[in-house]
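Peer 1: Fold the following, please.
(chains A and B)
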Amino acid sequence: MISRLITPTRLCVIMALAAFGLYAVAISGYVPIADLSATLLHPDPASFGQIYVHYSLLPRIIVAILAGAALTFAGTIFQQLLKNPLAEPSTLGILSGAQLAITLLSLSVVTISAFQRDIAALIGGLVAVAIVSGLARKTDFSPMTLLLCGMVISFSAGSASVILALFHHEYLRGVFIWGSGSLIQNDYSNAIALAIRLIIFVPVLLLFQRPLAIAGLDDANARSLGLSLPSMRALVLFIATILAAFVVARVGVIAFVGLAASHIARMAGARTLNERLFWGALIGAFLLLVADSIVLVSAPIIGEVPTGTITAIAGALLMLALLRSASPSIDQLTPIAEHTSPRPTSGRALVFVCGAILVFAAIFSLTEQLFTHGIDPWGILSGRWPRVLTSASAGAMLAMAGAITQAITRNPMASPEGLGVSGGAGLGIIAAFFFGGMGSPLMPIAGGIIGAILSFSLVLAVARRRSYAPGPVLLGGIAVGALATAIISLIVASGDPRASYILAWTMGPTFRATGIVALIATALALIGLALSPLFRRWVEVLPLGDHTARALGINPGRSRVVLLLFVATLTGIATLVVGPLSFVGMMAPHIARVAGVRGQTRMLFAASAIGAALMITADWLGRAADFPYEIPAGVIAAFIGGPYFLWVIRSNGKTTSRP
Amino acid sequence: MAVAEAPLYGDRVVVPALSQETIDLGLRSWPNMELLRSLKPDLILSQVGYGVSQARLNEIAPTLALPLYSAERKPLAAAERALREIAAKTGREQVATEYLQQSDARLETIAAEAKKYDGRPLLIIKFTDDRLVDIYGAGGLFDDVLKRLGIPNAWNGATNNWGFATAGLDAIARYPEARIIIIEPGPPGTFLQSALWKSLPAVRNGHVAMIPPTWVFGAFPSAMRFAEVIRQGLGLA
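Peer 2: Sure thing, here's the model as predicted:
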């Protein structure tokens, strides 16, 4: 057994030795070892080396320890509370919520004080958790629902942060450096603030350790012991969120440390909740310390890389590894009751109505303000038709992909954006920019395609062992998405003027559409639509369960792979033309269903028309809302999609509560 | 007639000042193409490898895509060539030659004044927050101007495509002999009073100066503005 060789104690000692060894190397570059005690106690104000070690490196070490411990402590509590092995401050949306709140605040005040930053992070984090847990309550905090909600909140908050970055890049650079999780310190203020918070919040949370340990068993058990589960859950969730948000306020977004450390603690043999809390916090502290010491020592060679970026990249890879062996509970996607239309409507007529709406949206967008510019309308039209056509075909492809994803996962919240294709395409586009330059418009497209293929293969490889069950596929997609986010935030913080260009590309610039791209996208959308009826049987049978599928002569694993490949191709192409964050794939099928469309083929056609109309509208809004500044259509769609998502959950709640 | 991100230009580029009638075209990385088309420009100026590609701008009007930050890494020389190219395109060679002669003469004057400067190498920094700074070195416009003025640039570390490096304060401390030039806006809060900042060798010796906002990604006028603010900042005037 590995657990005999690796005990939590040994692990901590090894990590501590590694980290402190690296820190010692860094410190010895500033002060001779003989002066170390003087440096620690009474640094000579005339010696930069001593002052730097005293006021910058030492607090940095303390902050790394405290932040790592606090994030893992909070993460372990979330995991126990929500019975979800993948819960942690970042997957619940706390980190991105706090980041968005701080970004907004720094746009409205000239200089932002540490106290204001704390309050903003607190509000942002709590709002995110309130939304995520409010949504997940319907399904009794099912792991899948929770993570999907967290993902949507992170994406929405992230896209709002990105649009602010686009428009205020010169002014917000400091915020983005903070946000990417740099642990560089100038004094002891952060170290002291974090210490005080840990001293207050850890004992408070430990008060709940007994009820938490019971809650971890199951709800029926807890209820028989006379605990009011919902109120206890809410309270503990509230306190742990405050702890996590306070850490973000001081050190920025350090994702996945909580997740990684608590899993390492478990693998190393920490079994009971107490053991996991204690060893998890220690391992988290040393894990962040190791990551930070590597960053510190390598900074003179490869430049300043924020520690948060390193942890996010390592954490996303770890999450993929964990998915291969995680408990089977995350295979289960809890189906949410569908809002059913009370009156049966003719499906065929509805499909025509959707088509008519699409035509109307297209004509409106093409002709709007056509004669007010005082120039040849044909000049305007020649610039407009490619973007309208591109938006429409991307919207249709996403909607098709979404309809299939939702059908096979039986979850109306599933969105094809969660397959990892979009994140991979984004990474590929970025790689193309940095290694190939921006000269040819083909470079980013090629990069995007390669990135999408690679990341989707990665997700499939992870999900293979579970015969491509929807849960692991979507979670793998989330991990790849997190990887993309981390790298994008690194570039935004670097100050390279090309950052805004990359942001624009990853956010769906329909205004870049050229005639040829528009025609290709349209052709592909039509081919997809023509092929989709071939998959009808699979899409209808797979949701009935693997046993039923096999009884009907369908190999569930193989048919799921084919469907996922189809979905991924559609999503990948759409991502390349409109960017990764649209929610159109989630919204369009849902609108079609609420309108009363039934039957897979009609569903696909109606959803495609609605998706196309949505994207055309988003493109037009992006053009008109802040003229002459253009907002990427993908961002507009995400802004519409976020609230729509909340509304879906709310109305689902109403139907389930109805007898 | 029109420029992208006019408000930011006023804040950070400053010179040459825009007229009141200048139209804001939207973002630098993708100006509003419909607005651009409706203005029926005679000539569009863009930078190679940044923003909208030349081919697409050419559909609207003749476009001059000028390389400023290229593999050659000499933005000042590139800026001079760019100016001459614009002049040739607009038939104002005479004006351009006069402007360049005046600028050259002005740079010569400042270079002569700089002879009495103590020769302390400059570390030109801009604070991104209170922890990291951008340091301008080889391949950047400021470095080229310093060379023309005969003032040494302290930073000899690697720089990116745009001629700057991002580093922590420890990087500044590696140049104890340097004079620190801070481009405004400075760091937030009371950082300049902190023990850490005050312990920097250059700060202890009082070798620090602040200069007003200056655009590092600019062309000739930005270079001239930098020469003037450095002249003021070093007390050469």
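Peer 1: domain assignment for the chain?
Peer 2: Picked chain A for this. A:2-323, A:347-657 (automatic domain parsing).
Peer 1: think we crossed wires, I meant chain B
Peer 2: What the record gives for chain B is the domain set B:1-66, B:111-233, from automatic domain parsing.
Peer 1: before we move on, the earlier item: now tabulate the domains of chain A in TSV and tack on mean neighbour count.
Peer 2: (C-beta placed from N, C-alpha, C; glycine too.) Putting the domains of chain A into TSV (neighbours: other Cβ atoms under 10 Å in any protein chain shown) gives the following:
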stretch	mean neighbour count
domain A:2-323	21
domain A:347-657	22
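Peer 1: how about CSV for the ones you listed, with mean pLDDT and distance to chain B added?
Peer 2: Converted to CSV, the domains of chain A look like this (pLDDT from 0 to 100; distance: least, Cβ to the nearest Cβ, whole Å):
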stretch, mean pLDDT, distance to chain B
domain A:2-323, 83, 3
domain A:347-657, 79, 4
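Peer 1: Please state the offset of stretch A:189-201 from the chain centre?
Peer 2: Here stretch A:189-201 is found 28 Å from its chain centre; the criterion is Cα atoms, centre = their mean, to the nearest Å.
Peer 1: Mind exporting the C-alpha coordinates of that stretch to PDB?
Peer 2: Extracted in PDB, the C-alpha atoms of stretch A:189-201 (Å, rounded to 0.1, in the frame of the first residue of the first chain):
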ATOM      1  CA  SER A 189      -0.100  43.800   6.800                       C
ATOM      2  CA  ASN A 190      -1.400  40.900   4.700                       C
ATOM      3  CA  ALA A 191       0.300  38.300   6.900                       C
ATOM      4  CA  ILE A 192      -1.200  39.800  10.100                       C
ATOM      5  CA  ALA A 193      -4.600  40.200   8.500                       C
ATOM      6  CA  LEU A 194      -4.600  36.600   7.400                       C
ATOM      7  CA  ALA A 195      -3.400  35.300  10.800                       C
ATOM      8  CA  ILE A 196      -6.200  37.200  12.600                       C
ATOM      9  CA  ARG A 197      -8.800  35.800  10.300                       C
ATOM     10  CA  LEU A 198      -7.500  32.200  10.700                       C
ATOM     11  CA  ILE A 199      -7.400  32.600  14.500                       C
ATOM     12  CA  ILE A 200     -11.100  33.800  14.500                       C
ATOM     13  CA  PHE A 201     -12.600  31.600  11.800                       C
END
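Peer 1: follow-up on the earlier one: closest to A:A24 out of the domains of chain B?
Peer 2: Of all the domains of chain B, domain B:111-233 sits nearest to A:A24, with 16.0 Å by Cβ to Cβ.
Peer 1: how long is that closest one end to end?
Peer 2: Terminal residues of domain B:111-233 are spaced 14 Å apart (Cα to Cα, to the nearest Å).
Peer 1: how far out from the middle of the chain is that domain?
Peer 2: 12 Å.
Peer 1: can you tell me which of the domains of chain B the model trusts least?
Peer 2: Ranked on mean pLDDT, the bottom entry among the domains of chain B is domain B:1-66, at a mean of 83.
Peer 1: Return the most buried member of the domains of chain B.
Peer 2: Mean neighbour count (mean count of other Cβ atoms under 10 Å in any protein chain shown) peaks for domain B:111-233 among the domains of chain B, with a mean of 19.
Peer 1: Run the contact check for it versus chain A.
Peer 2: Yes - applying Cβ under 8 Å from any Cβ of the partner chain, one finds domain B:111-233 touching chain A at B:127-132, B:134, B:158, B:160-162, B:164-170, B:173, B:176, B:188-189, B:191, B:194-196, B:198-201, B:204, B:217.
Peer 1: picking up where we left off before, out of the domains of chain A, which comes closest to B:L8?
Peer 2: Nearest of the domains of chain A (Cβ to Cβ): domain A:2-323, 5.9 Å.
Peer 1: Give me the distance from the closest one to the chain's centre.
Peer 2: In this view, domain A:2-323 has its centroid 16 Å away from the chain centroid, taken as Cα atoms, centre = their mean.
Peer 1: now swap in stretch A:598-608 and tell me
Peer 2: Chain-centre distance of stretch A:598-608: 29 Å, with Cα atoms, centre = their mean.
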